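Undergrad: Provided below for reference: sequence and predicted model.
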Amino acid sequence: MPSTKTKKVNRTDRRQTEKEELAQLEERCKHPILGTDTMQQFDEMPISQKTVSGLKRANFIKMTDIQRKALPLGLCGKDILGAAKTGSGKTLAFLVPMIEMLYRQKWGPQDGLGALIISPTRELAVQIFEVLRKIGREHSFSAGLIIGGKDWKIERELITKMNILVCTPGRLLQHMDQSAGFDCDNLQLLVLDEADRILDMGFKKTINAIVENLPRQRQTMLFSATQTKSVKDLARLSLKDPEYVAVHEKAEHSTPKNLSQYYMVVPLDQKLDVMFNFIKTHLTSKAIVFLSSCKQVRFVFETFCKLHPGVPLLELHGKQKQQKRAETYAKFAAQKAAYLFCTDIAARGLDFAAVNWVIQLDCPEDPETYIHRVGRTARYEASGQAMLMLCPSEEAGMVSGLEKAKVPIQEVKLKQDAKDHKEPIQKQMQRLCFNDPEIKYLGQKAFISYMRSVYLQKDKVTFDVNALPAETFASSLGLPGAPKIKFVEKKNKEKNAVRGNQKKTESDVSDEEDAQDEEEEEKSKVKALDAKKKKSKKEVVPEAEEEESKDGKQAKSKIEKMFNRKNQGVLAEHYTKLVDHESDSKDKKLSTGEDSDEEFMTIKRVNHDLGGDEIPEGTILPISKRQQRMSKLEKTKNVGQGEKLLFDDEGRAHEMYELEDEASFHAKGDAKSQQQQFLEKEKKVMDRADVDDKALSKEKLREKKAKRKQREKEEMDGYSDSEDEEMVVTLGNPDESGDDYSMDDGQGSESEGDSGEDEESKKRGWWQDKADADEKAAESKKRRKIVEVDEPQTLAEQEALALKLLGL
Ligand SMILES: Nc1ncnc2c1ncn2[C@@H]1O[C@H](COP(=O)(O)OP(=O)(O)OP(=O)(O)O)[C@@H](O)[C@H]1O
């Protein structure tokens, strides 16, 4: 076993080696790095041994094209616009230069936040964080993951101590606004992964506000498979002479070469049938199925689960709670065969291993979205297949768009026997809707949100809502009829632009769904709905009867008017459930995934039976139009003067003021003594009431105190929530505690203490799995001689301890 002296010498040697390495790296990273053309492996680049070793342990030895091109520039501190096909390794192209930059600058806890990585979705942020954990295992920076849906208080505490943050835009801005002590003044590097998405309209305001808080003097890197080159966007980020690094610019195709891509023209009403049959005939496949909205995902997932296809089904969309999303992500990653139904929340960046198929059940809004979606398969050197289902009206526009975007895609025909197969799913869907009102309700919502998504597409040539067979589509969902809808032109142009300009609204991606953001979104929805109620505009579905009101200002259908009387009759409850989405409770079992249809449309006739002529007792019938229009004055003209009455305990009416006759008054005694008696009696009543009030208020105080204590306890419990600790952690490497700039809060020091479970988990570095750490701990136990001593009290005891430790 090495003595303390030897250890000291080792540590000094190591420091010296590091010093020399740092000087060499500094020298080599002076732009331009020489000889990069011939470099194939990470260890040939001017990067530290610690990073090379982290990369090696994660099996990253050879660089990919984008890494070979981007690393030399990133390491020299250049601003980069990186573009490379999906699955080509862009993550390492920004993570390695980031770690190296901080390492070369000897970044430490005292320096605060040094690098910021922004991702458009929570899942992608988690994934980037995981890669950072792996390759940064030998370094000692603190790194945190800041995404919505996590404990705000914990994040607020720890965010101030982080050197590196991986985050989603909404949550980051929330911290910038509300977390005292969160300081970005020292930031050296900003990375936007999926940059074109982050810079599009959906995140515009958030990103502008974030960038305002960052120092202008910094390195900036933007990466995406579909890179933005918009001068405006780049100006927003104040990039300095950025280098455009594109590896597929001259390539024949913009999608991975190992990806086989097909499309199939399927009538809208047969899509679910075809999808279900696909699953039944590919039970051993792992596939991701993209749909256009959360409600579509909810409905297809719920109904397909009930039909038991024989393979695990999962769903992932932005309206799920964070924990559920994380669970789904992990489950799908671990499955060999499974189908994941999702929105475009999973379109970008996610790196699930061994996905065989990407199926686009709903057409993507543009070729870029298509490219990102299919990129979930055929990653790195793997192969994969992609199937796009197009409605007949979408074929021409989408196929030519894909050709222009250099996407090689082949048509396959729907087999006749598939069309005529024995039991079409439609009948089963009908059964499900008939038996379960919640499924029917979900179906109606799915129908509406699909129609809305088509209506809101910017590309009006490819997407024509009027060309869709609404009735047969509704039948295919199992609905007895198509919910009639009308689309309202939105007043808020910006929001319309958001949706129109391809990119999803923030409600379709994860990060923006912090509780606060949601609240604000809800408020604006309500406002939009109010405004919409006042001004209804363009109609797409013209069948409803129309009637011009007398002042000619507003046109409303009779049916719509009938439903507007929702609080006046028996229809109210059912109507509210189906139409009044404002009041949709969040915890309703099947309706948790809410988009905002209400902003864009109103339902003119809801698809349900009004049923029966009988009117239950107590129903308040709607009053006539004439009555409604009568002024208050007219209504009360013939009613006469009212009388003021008081009702006693038995419900008998009495006049307000009843005078006692004089004789009986005098019989009770003189006025003064009667007054005295009255006052005494009332005082007794008041005293009694006083005692009751005091008791009541005491009780309330007690309850309040108990509640406060309970809350405090819950908060304290929340602090020890292991899941949260995983997301926002203070990092450090026990082996490298000799670093002057390590950030390990004492946890990473070469402690000679006991290694109980708790201690062990404290000492475990942020990059280590438990098994990994256990193995290391066992090794170090063998190596070390553990000296257990009581705290020395006297000088003599201290001397004795020193001798003991020196082994003398
Ligand atoms: N140098 C490398 N050697 C081996 N595997 C690598 C290397 N670089 C990346 N990979 C692997 O390739 C896969 C894709 O990498 P990554 O997620 O970085 O791709 P991407 O270009 O960011 O894709 P997308 O555009 O979809 O976000 C990952 O599984 C990653 O582990």
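TA: Structure received.

Undergrad: hmm, whichever strand or helix holds residue 372 in reach of the ligand?
TA: In this structure, residue 372 sits in helix 367-374 according to DSSP states H and E. No: looking at helix 367-374 against the ligand by C-beta under 6 Å from any ligand atom, there are no contacts, and the closest approach is 6.8 Å. All C-beta atoms are positioned from the backbone trio N, CA, C, and that covers glycine.

Undergrad: What is the helix or strand that that helix is followed by packed up against?
TA: Next in sequence after helix 367-374, counting helices and strands by DSSP H and E, comes strand 384-390. Judged by 3 or more C-beta pairs under 8 Å, 6 or more residues apart in numbering; DSSP states H and E, strand 384-390 is in contact with strand 259-265, helix 271-281, strand 357-360, helix 367-374, helix 392-404.

Undergrad: Quick check: phi and psi on residue 655?
TA: phi -70, psi 160 (degrees, to the nearest 10).

Undergrad: Find the nearest non-adjacent residue to the one residue in the stretch 101-250 of the chain that gets nearest to the ligand, please.
TA: Per C-beta to the nearest ligand atom, residue 225 is where the stretch 101-250 of the chain lies closest to the ligand, at 4.1 Å. Spatially, and ignoring its direct neighbours in sequence, residue 225 is nearest to residue 86 (4.6 Å; C-beta to C-beta, 6 or more residues apart in numbering).

Undergrad: Let me see the contact set for that neighbour.
TA: The neighbourhood of residue 86, defined by C-beta atoms under 8 Å, 6 or more residues apart in numbering, consists of 225, 255-256, 371-372, 374-376, 379.

Undergrad: before we move on, what about residue 463?
TA: Here residue 463 is in contact with 363, 393-394, 397, 454-455, 457 (C-beta under 8 Å, 6+ apart).

Undergrad: now the strands: where do they sit in the stretch 401-550 of the chain?
TA: For the stretch 401-550 of the chain, strands defined by DSSP state E, counting those that start in this stretch occupy the ranges 410-411, 484-487, 547-548.

Undergrad: Now the weakest link among those, please, by mean pLDDT.
TA: With a mean of 30, strand 547-548 has the lowest mean pLDDT of the strands of the stretch 401-550 of the chain.

Undergrad: my read is residue 123 is in a strand, agree?
TA: No: Residue 123: not assigned to a strand; according to DSSP: H, G, I helix; E, B strand; the rest coil it is helix.

Undergrad: That one contacts residue 351, doesn't it?
TA: No: using C-beta atoms under 8 Å, residue 123 is not in contact with residue 351; the gap is 9.8 Å.

Undergrad: of those two, who's got more company?
TA: residue 123 (27 against 19; other C-beta atoms under 10 Å).

Undergrad: and the more buried one, how far is that from residue 360?
TA: 19 Å (C-beta to C-beta, to the nearest Å).

Undergrad: End to end on stretch 261-281, go ahead and measure it.
TA: Start to finish, the residues bounding stretch 261-281 are 18 Å apart (C-alpha to C-alpha, to the nearest Å).

Undergrad: Quick check: mean pLDDT of it?
TA: What stretch 261-281 shows for mean pLDDT is 95.

Undergrad: mind listing what's buried in that stretch?
TA: 261, 263-279 (16 or more other C-beta atoms under 10 Å).
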